[in-house]
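S.K.: have a look at this fold, sequence not included:
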């Protein structure tokens, strides 16, 4: 972690034990994250935010006077990063929509907290302070939710090698050779994938450019992916693909 810069954090948490536990973890292991206040409600958080805007907000969801995201939606501009803290994993999609930096399920462990703060520091160092304007404009949440019969599987974008349309279904192939079939068309995922390092090379195929190991020329040609999958490149998309890999 960047030891040459102090960051100010606000904890919004109505459970005193959880708030103290998080505060102690920060004090003991991340000394340059300074907690400037702990709010037990949206009302208290609003008052603290009017006094000083933090660099980082730890935001619980279940609060006495509403949901945690109510605090963000009432603000005209958000100039800090948000790490969601909750005992309920069903808020993950809301976290994605609000472009939360990370999502921690209570009780919060040191390793998960460290990973979240590492992402915060890296984003700070890269100067990406785009605010919270919706997932389609600020797609920094690291996982893609894939709907299943039971709920959702959350997959790291970097783990996806390619995705293929199969009628009204989509099949995602991962770097560990696992395949996940979801009952949604590929078009439903395009926007979030295109905001990352993905490109459509065929009507039925979207690939992760960082997982391409070879391109073989032809009328359209084809790419060989790191999982050995051979993906056709259509004639109409060949030029876009070559531009994307810097060959045009």
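M.R.: Yes, it's here. It should be emphasised that the depicted structure is a prediction, and the values quoted were computed from it without experimental measurement.
S.K.: can we go C-alpha only for contacts and neighbour counts from here?
M.R.: Noted.
S.K.: phi and psi next, for the residue nearest to residue 221 when sequence neighbours are not counted.
M.R.: Sequence neighbours aside, residue 233 is the residue nearest to residue 221 in space, at 5.4 Å (criterion: Cα to Cα, 6 or more residues apart in numbering). Per-residue torsions, residue 233: phi -110, psi 120 (degrees, to the nearest 10).
S.K.: following element in sequence after the longest helix seen in the chain, please.
M.R.: As assigned by DSSP state H, the longest helix anywhere in the chain is helix 110-126. Using DSSP states H and E, the helix or strand that follows helix 110-126 in sequence is strand 143-147.
S.K.: helices or strands next to that following strand in the packing?
M.R.: Packed against strand 143-147 by the contact rule (3 or more Cα pairs under 8 Å, 6 or more residues apart in numbering; DSSP states H and E) you find strand 152-156.
S.K.: report the buried residues of the strand it packs on.
M.R.: Buried positions in strand 152-156, judged by neighbour count with 16 or more other Cα atoms under 10 Å: residue 155.
S.K.: partner strands of that strand and their direction?
M.R.: strand 143-147 (antiparallel) (DSSP bridges).
S.K.: report the distance from the partner strand to the chain centre.
M.R.: 10 Å (Cα atoms, centre = their mean, to the nearest Å).
S.K.: packing partners for the worst-scoring helix or strand of the chain on mean pLDDT?
M.R.: Lowest on mean pLDDT, DSSP states H and E among the helices and strands of the chain sits helix 92-97, with a mean of 76. Packing partners of helix 92-97 (3+ Cα pairs under 8 Å, 6+ apart): strand 102-105.
S.K.: what does the strand it packs on contact?
M.R.: 82-89, 92, 95, 112-113, 116, 141-142 (Cα atoms under 8 Å, 6 or more residues apart in numbering).
S.K.: that strand pairs with which strands?
M.R.: strand 81-86 (parallel).
S.K.: for the strand it pairs with, what is the distance to the chain centroid?
M.R.: On Cα atoms, centre = their mean, the centre of strand 81-86 falls 12 Å from that of its chain.
S.K.: that one to helix 110-126, inter-axis angle?
M.R.: On the basis of axes from the mean of the first three to the mean of the last three Cα atoms, to 10 degrees, strand 81-86 is oriented at 160 degrees to helix 110-126.
S.K.: pLDDT averaged over strand 81-86 - what is it?
M.R.: For strand 81-86, mean pLDDT is 92.
S.K.: by neighbours, which of the contacts of strand 102-105 wins?
M.R.: Counting neighbours by other Cα atoms under 10 Å, the top entry in the contacts of strand 102-105 is residue 85, with 28 neighbours.
S.K.: surely it is in contact with residue 63?
M.R.: No. Using Cα atoms under 8 Å, residue 85 is not in contact with residue 63, being 11.6 Å away.
S.K.: so for stretch 16-35, what gets flagged as buried?
M.R.: For stretch 16-35, by 16+ other Cα under 10 Å, it's 18-19, 22-23, 25-26, 30, 32-35.
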